[in-house]
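> Predicted model and sequence follow; I will ask about them next.
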Amino acid sequence: MTGWLDLPADTGFGLGNLPYGVFSTAGTRPRTGVAIGGSVLDLHGVTGDDAHATGSLNAFMARGPEAWGALRSDLTEWLTDAAHRERVEPHLVPQGEVTMHLPVEVADYVDFYSSRHHAENLGRMFRPDSAALTPNWKHLPIGYHGRSGTVRVSGTPVVRPSGQRKAPTDDAPTFGPSQRLDIEAEVGFVVGTPSDLGRPVPLGAFPEHVFGVCLVNDWSARDLQSWEYVPLGPFLGKSFLTSVSPWVVPLAALDEARVAPPARDPKPLPYLDDTGSEPWGLDIAIEVHLNGELISCPPFDLMYWTPAQQLAHMTVNGASLRTGDLYASGTVSGPRPDQRGSFIELSWGGEEPLRLADGSTRTFLEDGDVVTLTATAPGAGGRRISLGEVTGRIEPASAR
Ligand code: MN
């Protein structure tokens, strides 16, 4: 599919992608845009629809899948048919001139734990004397509620958190900057259509509720986490910052990326059993870069639980969804060492430092380090679509 736009054949932001974000240019207010090639299409400018002038995607996402589909087909026509060029072209802004903002006003934030390889790696490290997977792991997608107010857009500085740390060999906890600051490479799912309290969302309703997909870096302070997490789960070791990519890729752009998830044994309970439907495994290839060097390639297609199963589980007790809810997949790790989505796995708990191209080594993150996650997925016509990137630079702990 080509249009009047002269797009490079290898752009990850072609007509098959059309992700939504919130941008501003110097002296203007944040508004909704769509990435196309090296440009951003100003949606408020081109449509005149005030939903696109609110500074978040929420108002548009709340309209539901018919509205999402209608705008996507309009955009495709406007950017393809030369008859629209004169009207549309003045609303294209070069990406180099824009500042990107948090795309979504995040309502509730949930983080799952759905990579079998990640859960097995962590289980072996944290609980060496028990089975790698907890007894519930293959029966339900384990998750926790995080802190939506500290979800920020890519580029937000990552100030090293301070807190209580206590190694098993220490007599007492100490307070100070985290010495085991880590990443978690994840994929996030953004809810558009809300649901009613008391009415579970079945597996098949996933595309009616989920608007799109972004990249998530769930920054994690492992020393704070390992001391605080028993028995109620992650808390301050996670809640200091969660970074998301600025572009939300619509679910409709991922049609070609759908794949069968791994076989599940034992068979999940009926509300989680996707064997009779077209399941929602997604072939998203993630890359983790440290200071510009590629250090890992986590494969999302191996995730044990799909985002549709996560949504069904998250609401099976009657919990309602709100527009802007964000839920993340959990750290994505594959079976190979170079497919691990966190430094605690890449350095095996800090015991096997990662060797970098410049000869230095790394266990956990140092001040000044820059971590960037990128991802692509198969798109229409054999092209790949880009999920953009989420990046962050580690800043020293604040003085107290
Ligand atoms: Mn996580």
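Right, received. Where do you want to start?

> wait, what's in contact with Ala308?
Leu203, Gly204, Phe206, Asp274, Pro279, Trp280 (CB atoms under 8 Å, 6 or more residues apart in numbering). For every residue, glycine as well, the C-beta is placed using N, CA and C.

> burial count for the closest residue to the second one other than its chain neighbours?
Okay, so that is Gly204. Using CB to CB, 6 or more residues apart in numbering and skipping the chain neighbours, the partner closest in space to Gly204 is Ser277 (5.9 Å). As a burial measure, Ser277 scores 12 neighbours (other CB atoms under 10 Å).

> isn't Gly16 right next to Ser386, touching?
No - the pair Gly16 and Ser386 does not pass the contact test of CB atoms under 8 Å, sitting 10.6 Å apart.

> picking up where we left off before, state the pLDDT value of the residue nearest to Gly204.
Per-residue pLDDT puts Ser277 at 86.

> for the record, mean pLDDT for the helix or strand containing Ile394?
Using DSSP states H and E, Ile394 sits within strand 384-395. Regarding strand 384-395, the rounded mean pLDDT is 98.

> And for stretch 73-80?
Mean predicted lDDT for stretch 73-80 stands at 97.

> name the element Trp348 belongs to?
Under the criterion of DSSP H and E, Trp348 resides outside all helices and strands.

> What's the local residue count around it?
Trp348, neighbours per other CB under 10 Å, totals 17.

> For it, which non-adjacent residue is spatially closest?
Once flanking residues are discounted, Trp348 sits nearest to Met125: 7.2 Å by CB to CB, 6+ apart.

> cool, Ala59 as well?
In this structure, Ala59 finds its nearest non-sequential neighbour in Ala51, 4.1 Å apart by CB to CB, 6+ apart.

> Leu197 contacts Asn317, correct?
No - under the criterion of CB under 8 Å, Leu197 makes no contact with Asn317, lying 10.4 Å away.

> what's around the residue nearest to Ala59, how many residues?
Here the number of neighbours of Ala51 (other CB under 10 Å) works out to 19.

> Output the contacting helices and strands for the longest helix along the chain.
When the chain is parsed with DSSP state H, its longest helix is helix 65-80. With contacts defined as 3 or more CB pairs under 8 Å, 6 or more residues apart in numbering; DSSP states H and E, helix 65-80 has these neighbours: helix 58-61, helix 85-88.

> contacts for it?
By CB under 8 Å, 6+ apart, the residues outside helix 65-80 that reach it are 1-5, 15, 18, 34, 36, 41, 46-47, 60-61, 84, 87-88, 192-193, 207-208, 211, 250, 252.

> Apart from its chain neighbours, what residue comes closest to the residue in the stretch 201-350 of the chain that the ion sits nearest to?
For the stretch 201-350 of the chain and the ion, the shortest gap (CB to the ion) falls at Asp218, measuring 3.5 Å. In this structure, Asp218 finds its nearest non-sequential neighbour in Glu184, 3.8 Å apart by CB to CB, 6+ apart.

> What of Ala260?
Take Ala260 and drop its neighbours on the chain: the residue closest to it by CB to CB, 6+ apart is Gly281, 5.6 Å away.

> and if you look at Leu269?
Nearest non-adjacent residue to Leu269, counting by CB to CB, 6+ apart: His139, 7.1 Å away.

> Endpoints of stretch 127-141, how far apart?
Stretch 127-141 has an end-to-end distance of 19 Å (criterion: CA to CA, to the nearest Å).
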